[in-house]
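Novice: take a look and give me a structure for this.
(chains A and B, ligands or ions: 2)
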Amino acid sequence: MIVIDNVYKSFGPKHVLRGVSMEIPDGKSTVIIGRSGTGKSVLLKLIVGLLQPDSGTITIDGRRVDLMDEKELYEMRRHVGYVFQGAALFDSMTVAENLVLGLYEHGERDTSLLNNEIRTNLVNVGLLPDPKSLSEDGFAKAYDILANKKPSELSGGMRKRVGVARALVGTPKYVFYDEPTTGLDPITSEQIDNLVCDLTHKLDVTSIVITHDIFSVYKVAHAVVMLEEGVIHFNGSPRQLQQSPDPVVQEFIERYAMTRTADALAPPVPPDK
Amino acid sequence: MIGNIFAAVGRGVMGFFAELGRIVLLLIAVFRYVPSAFRSRRLVLEQMSVIGVSSLPLVLLVGSFTGAIAALQATNLFAKFNLLALARPFVGGSIATVVFTELSPVLTALVIAGRVGGSIAAQIGTMKVSEQIDALEMMAIHPDRYLAMPRVLAAMTMMPILIIFSNLVAILGAFFLVILKFNFTSVDYFISVRNFFSVTEILTGLLKSLTFGMATALIGCYVGFRTDGGAEGVGQSTVRSFTLSSAAILVLDAIFGYVL
Ligand SMILES: Nc1ncnc2c1ncn2[C@@H]1O[C@H](COP(=O)(O)OP(=O)(O)OP(=O)(O)O)[C@@H](O)[C@H]1O
Ligand SMILES: [Mg+2]
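Specialist: Ligands and ions are numbered 1, 2, ... in the order given. Now for the predicted structure:
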């Protein structure tokens, strides 16, 4: 369980978080929504100790993150997968190396285990087809092509999914997703949403998902937290969110629902000549 | 008015020492990880190749011209006072001394500061602004071990090796110049070099270059880690790294000159 208690964080004169308190229960998905620049990413980084709070406390499994030394932080982070907003892939390394760098640097040299992690997780995020749907050779070929690519050779959406796959390597207890579906097409988005649900239900993973996609909220959230102006503006179930009379919440839902509907109503693109 | 100036100067001085302190802290962190260099030898070797092998052509170019220009200056100076005939036995030796102890280490280090220091800062700076450093942290990999230690270690070992090459071509460059322009014989020149240079001078140069290499890589990493503000920030870091490491090289050289 993660407990955040009265956390403040500013950068210079900019007060980003102003007294945030919340609890994140184990084995559930908590979704964080809120306008751009309200400190969602900052909050996630505070939880894993990439940033230090100015005041307030953060506890993971009963241990204070804000008091941890380097060794304790590293020990804690080995149980946490983190999907960065911009994917943050190592651009000097191949896809495969990106995925297993952590395992490798901590002494794992078993090639078949490493390959298996790469394979499973690339399939999970839909970057490789289900091995059963292809001949063994066909799959091996697809795998080789993708695994040896550098991030610069991938599209934005593919990079994002490699970032998700990397976070899932080693089946962490906690997975934090910073906008995992932003910039993905609706089908891939749904696949990622399904993956988040699967991990929570089957493997008992605790997830925190930052998203702007109201459809993802309804799909994956057990609890929804809305940040606004550096404080928690709403905290409840997706159902309560939908029925909330609060104008800020309502505006948020309508705006985002509208963008998706607009997409759906857009005229089909004429086929290429 | 005057008060403001003093305040500004004070802040500048404080800022300088704060910065220096943080660089020293990074150095300590790097040395703390040196014992893990063997385990991370792949990283160290990779950096040695990036820093050493790929800089070699440039170092050879700079070295040979350094030698030739040193020779030109030395002979011109003797000629100006009509001492060339008298000085003939000393020309080779004085060129060697100047090249081995000063010109070759300092000029090579400055060139490397631009090339290697700048690229270290740009690379680490890019990793910083694109959250790759955070990603390393999340994998429980310390950036000081994974990024800084291999670079500093590689620069410290490769710089003296580059200087040896630079010394060699500089002496040859000087040789060709005095042969072609001042009608020296090769015997004149090499006997003079042999008689008057000492191994200590070469070692001094190598010791200096080791610290120059360390300073360049260390400053490159330091500036890289402190980069923010996107692509523009990365650009600023590149320039800043070159400026700081050139200054560091000259200051270190002055300290060496004073102490040794
Ligand atoms: N390292 C930092 N240094 C200075 N300011 C920062 C830093 N990180 C974040 N900020 C500031 O904190 C504020 C909140 O940033 P954050 O990235 O958390 O927003 P967000 O809610 O994730 O927005 P988005 O939906 O656009 O990702 C921003 O105004 C940003 O400028
Ligand atoms: Mg964000």
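Novice: least confident secondary structure element in chain B?
Specialist: helix B:186-196 (a mean of 81; mean pLDDT, DSSP states H and E).
Novice: check which residues of it are buried.
Specialist: For helix B:186-196, burial by neighbour count (16 or more other Cβ atoms under 10 Å in any protein chain shown) applies to B:188-189, B:192-193, B:196. Placement of C-beta: from N, CA and C, glycine included.
Novice: what's the helix or strand following that helix packed up against?
Specialist: Following helix B:186-196 in sequence order, the next helix or strand is helix B:199-225 (DSSP states H and E). Judged by 3 or more Cβ pairs under 8 Å, 6 or more residues apart in numbering or on different chains; DSSP states H and E, helix B:199-225 is in contact with helix B:2-32, helix B:104-112, helix B:118-129, helix B:149-182, helix B:230-259.
Novice: buried deepest among the ones you listed, which one?
Specialist: Compared across the helices and strands packed on helix B:199-225, helix B:104-112 shows the largest average neighbour count, a mean of 25 (mean count of other Cβ atoms under 10 Å in any protein chain shown).
Novice: dump the helices and strands packed on helix B:199-225 into JSON lines; add distance to ligand 1 and mean pLDDT as well.
Specialist: Shown next, in JSON lines, are those (distance: least, Cβ to the nearest ligand atom, whole Å; pLDDT from 0 to 100):
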{"stretch": "helix B:2-32", "distance to ligand 1": "17", "mean pLDDT": "90"}
{"stretch": "helix B:104-112", "distance to ligand 1": "32", "mean pLDDT": "94"}
{"stretch": "helix B:118-129", "distance to ligand 1": "10", "mean pLDDT": "96"}
{"stretch": "helix B:149-182", "distance to ligand 1": "24", "mean pLDDT": "92"}
{"stretch": "helix B:230-259", "distance to ligand 1": "11", "mean pLDDT": "95"}
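Novice: and the residue of chain B closest to ligand 2?
Specialist: Across chain B, no residue is closer to ligand 2 than residue B:131, which sits at 10.6 Å (Cβ to the ion).
Novice: next up, the contacts around that residue.
Specialist: Listed by Cβ atoms under 8 Å, 6 or more residues apart in numbering or on different chains, the contact set of residue B:131 reads A:84-86, A:88.
Novice: same question for residue A:160.
Specialist: By Cβ under 8 Å, 6+ apart, residue A:160 lies in contact with A:83, A:87, A:180, A:182-184.
Novice: relative to ligand 2, which of these is nearest.
Specialist: Nearest to ligand 2 among the contacts of residue A:160, counting by Cβ to the ion, is residue A:182 at 9.3 Å.
Novice: might one say that that closest one is in contact with residue A:213?
Specialist: Yes: here residue A:182 lies in contact with residue A:213, judged by Cβ atoms under 8 Å, at a distance of 7.5 Å.
Novice: which of these two has more residues huddled nearby?
Specialist: residue A:213 (24 against 16; other Cβ atoms under 10 Å in any protein chain shown).
Novice: how much space separates that one from ligand 2?
Specialist: Going from residue A:213 to ligand 2 by Cβ to the ion, to the nearest Å gives 14 Å.
Novice: not counting its neighbours along the chain, what's nearest that residue?
Specialist: residue A:181 (5.6 Å; Cβ to Cβ, 6 or more residues apart in numbering or on different chains).
Novice: next: residue A:105.
Specialist: Leaving aside its sequence neighbours, residue A:105 sits nearest to residue B:141 (Cβ to Cβ, 6+ apart; 5.1 Å).
Novice: and that neighbour, which of the three is it?
Specialist: Secondary structure assignment for residue B:141 (DSSP: H, G, I helix; E, B strand; the rest coil): coil.
Novice: and residue A:57, by the same measure?
Specialist: On the three-state scheme (three-state DSSP), residue A:57 is labelled strand.
Novice: how about it, what does it touch?
Specialist: Each residue near residue A:57 by Cβ under 8 Å, 6+ apart is listed here: A:3-7, A:64, A:66.
Novice: ditto for residue B:143
Specialist: Residue B:143 sits next to B:133, B:136-137, B:225 when contact means Cβ under 8 Å, 6+ apart.
Novice: mind putting those residues in a markdown table, secondary structure and pLDDT included?
Specialist: Shown next, in a markdown table, are these (DSSP: H, G, I helix; E, B strand; the rest coil; pLDDT from 0 to 100):
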| residue | secondary structure | pLDDT |
| --- | --- | --- |
| B:133 | helix | 97 |
| B:136 | helix | 97 |
| B:137 | helix | 97 |
| B:225 | helix | 98 |
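Novice: which of these has the largest number of neighbours?
Specialist: Neighbour counts for the contacts of residue B:143, by other Cβ under 10 Å, peak at residue B:133, which reaches 23 neighbours.
Novice: so what's it up against?
Specialist: With contact taken as Cβ under 8 Å, 6+ apart, residue B:133 is in contact with B:124, B:127, B:143, B:147, B:225.
Novice: now with 10 Å, please.
Specialist: Taking Cβ atoms under 10 Å, 6 or more residues apart in numbering or on different chains, we find residue B:133 in contact with A:50, A:88, B:124-127, B:141, B:143, B:146-147, B:224-225, B:227.
Novice: do the same with residue B:251
Specialist: The contact partners of residue B:251, by Cβ under 10 Å, 6+ apart, come to residue B:215.
Novice: I'd like the distance between it and residue B:245.
Specialist: 11 Å (Cβ to Cβ, to the nearest Å).
Novice: next up, the contacts around the nearest residue to residue B:152 once chain neighbours are set aside.
Specialist: Computed as Cβ to Cβ, 6+ apart, the closest residue to residue B:152 that is not its neighbour in sequence is residue B:217, at 4.4 Å. Going by Cβ under 10 Å, 6+ apart, residue B:217 touches B:30, B:47, B:51, B:112-113, B:116-117, B:120, B:148-156, B:158-159, B:241, B:245.
Novice: fine by me, thanks again.
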